[in-house]
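S.K.: Build me a model from this:
(chains A, B, C and D)
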2 protein chains.
Amino acid sequence: MANKHVKEMEALKEHLGKHQLKVTRQRELILSAFLRQEHITAEAMYHQLAKSDPHLGLATIYRTLNLFCDAGLAQARHFGTQTQYDNISHKGHHDHLICTDCGKIVEFENCDIERLQEEVATRNGFTIKTHRLELYGLCSRCRH
Amino acid sequence: MANKHVKEMEALKEHLGKHQLKVTRQRELILSAFLRQEHITAEAMYHQLAKSDPHLGLATIYRTLNLFCDAGLAQARHFGTQTQYDNISHKGHHDHLICTDCGKIVEFENCDIERLQEEVATRNGFTIKTHRLELYGLCSRCRH
DNA sequence: ATTGAAATTGATAAGCTCTCTCAAAATGAT
DNA sequence: ATCATTTTGAGAGAGCTTATCAATTTCAAT
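M.R.: Below you'll find the model as predicted:
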């Protein structure tokens, strides 16, 4: 538990170093909490961390999650009215199957789809940096 | 020009009828303006229509565009801080190639990708209703 | 054509998410 | 330990979207 996520912590510190940013208690705390999630909203993280750290500000959470995006550890995704911050530190990238009824989210990766995306992009003169694929529907439990 | 979009107008009226909603001047006006676009924001439509109809309220535009989504004529897509309403009346659905530099948007369709999506969904017990695929990168002009 | 219940509109207030502001605190190179 | 620089927390503010509500419009039934 203690020495989990060492690699990601190093990645963050490298990013901080390169940009004249500082290592702070809050950044380490938020990163370690973030890495335990697949994806989370700033608000949810705020409430989660409030239990152990009541004075951690919501603005700091937002700032820090956006920092993680810059550092390549997270990826922002607009879902409904809120922004979900996806943990992309272990898997390079993942797409989502989202149940429109119960909100369940299943992550997946598919190389064939990614390859076809590259084809489409090339055909249109684009160079892809990232992508977002979300499939909306009903999960097995909600379909009946 | 006058009798364009008759099919879509019928589709809207069918939806209205089924839900005890009424046919209004505003709904017809907004639909006919909307169908001339590939995609548009509520704000942009507000300004566009203000020229010919200065008293059309922004709330009405939002309400109506959301109505079009319910009716299956439009599809909302969050891009940046705003919501883009995509015209999906002619093509069943379209995906987007988005240039992160100049904001250029290219629409495309790819049956092979759609087929693979179905596969992924089935494998996970999902039944897809809609999907969203956005490829972010640089267009040929911005790449150099 | 008139009536009247129900839905819609326009204007604005309110809500929600997210960012900005700034004084106080923390960091880290010296 | 010092001190310039960055960060934080708290709340104000901004931007987009929805809720409110009196006035108006629609439309089914006269």
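
S.K.: near DNA strand D, which residues of chain A?
M.R.: Applying CB under 7 Å from any atom of the strand, we find that chain A lies next to DNA strand D at A:16, A:20-22, A:24, A:26-27, A:53, A:55-60, A:63-64. Every C-beta, even on glycine, is put in place using the N, C-alpha and C of the backbone.

S.K.: how about 10 Å then?
M.R.: For chain A, the contact set with DNA strand D under CB under 10 Å from any atom of the strand comprises A:16, A:19-30, A:49-50, A:53-64, A:67, A:78, A:80-81.

S.K.: In helices, which of these appear?
M.R.: Applying DSSP state H to the residues of chain A next to DNA strand D, the entries found in helices are A:16, A:25-30, A:49-50, A:58-64, A:67.

S.K.: max-length strand in chain A?
M.R.: strand A:127-138 (DSSP state E).

S.K.: Look at residue A:45 and give its secondary structure.
M.R.: helix (DSSP: H, G, I helix; E, B strand; the rest coil).

S.K.: For chain A, give the residue positioned nearest to DNA strand C.
M.R.: Distances between chain A and DNA strand C by CB to the nearest atom of the strand are smallest at residue A:83, namely 2.9 Å.

S.K.: Do any residues in the host helix or strand of that residue lie close to chain B?
M.R.: According to DSSP states H and E, residue A:83 maps onto strand A:82-87. No - between strand A:82-87 and chain B, judged by CB under 8 Å from any CB of the partner chain, nothing touches; the nearest distance is 9.1 Å.

S.K.: So for that strand, what gets flagged as buried?
M.R.: The neighbour-count criterion (16 or more other CB atoms under 10 Å in any protein chain shown) identifies A:83-87 as the buried residues of strand A:82-87.

S.K.: Same question for stretch A:30-38.
M.R.: So for stretch A:30-38, counting by 16+ other CB under 10 Å, buried means A:30-31, A:33-35, A:37.

S.K.: pLDDT averaged over the host helix or strand of residue A:115 - what is it?
M.R.: Assigned by DSSP H and E, residue A:115 belongs to helix A:111-123. For helix A:111-123, mean pLDDT is 95.

S.K.: Tell me which residues are up against that helix.
M.R.: A:95, A:127-128, A:131, A:133, B:97, B:108, B:110, B:112-113, B:116-117, B:120, B:133, B:135, B:137 (CB atoms under 8 Å, 6 or more residues apart in numbering or on different chains).

S.K.: Drop anything exposed from those residues.
M.R.: Using 16+ other CB under 10 Å, the buried ones in these are A:95, A:128, A:131, A:133, B:97, B:108, B:110, B:113, B:116-117, B:120, B:133, B:135, B:137.

S.K.: Against residue A:95, how distant is residue A:131?
M.R.: Distance, residue A:131 to residue A:95, using CB to CB, to the nearest Å: 8 Å.

S.K.: Contacts only, for the residue nearest the centre of chain A.
M.R.: Central residue of chain A (CA atoms, centre = their mean): residue A:86, 1.6 Å from the mean position. Residues near residue A:86 by CB under 8 Å, 6+ apart: A:38-39, A:74-77, A:94.

S.K.: Next, count neighbours for residue A:143.
M.R.: Neighbour count for residue A:143, taken as other CB atoms under 10 Å in any protein chain shown: 12.

S.K.: Spatially nearest residue to it (excluding sequence neighbours)?
M.R.: residue B:127 (5.6 Å; CB to CB, 6 or more residues apart in numbering or on different chains).

S.K.: So what sits opposite that neighbour in the bridge?
M.R.: residue A:138 (DSSP bridges).

S.K.: Thought residue A:144 was touching it, still the case?
M.R.: No - applying CB atoms under 8 Å, one finds residue B:127 not in contact with residue A:144, separated by 10.9 Å.
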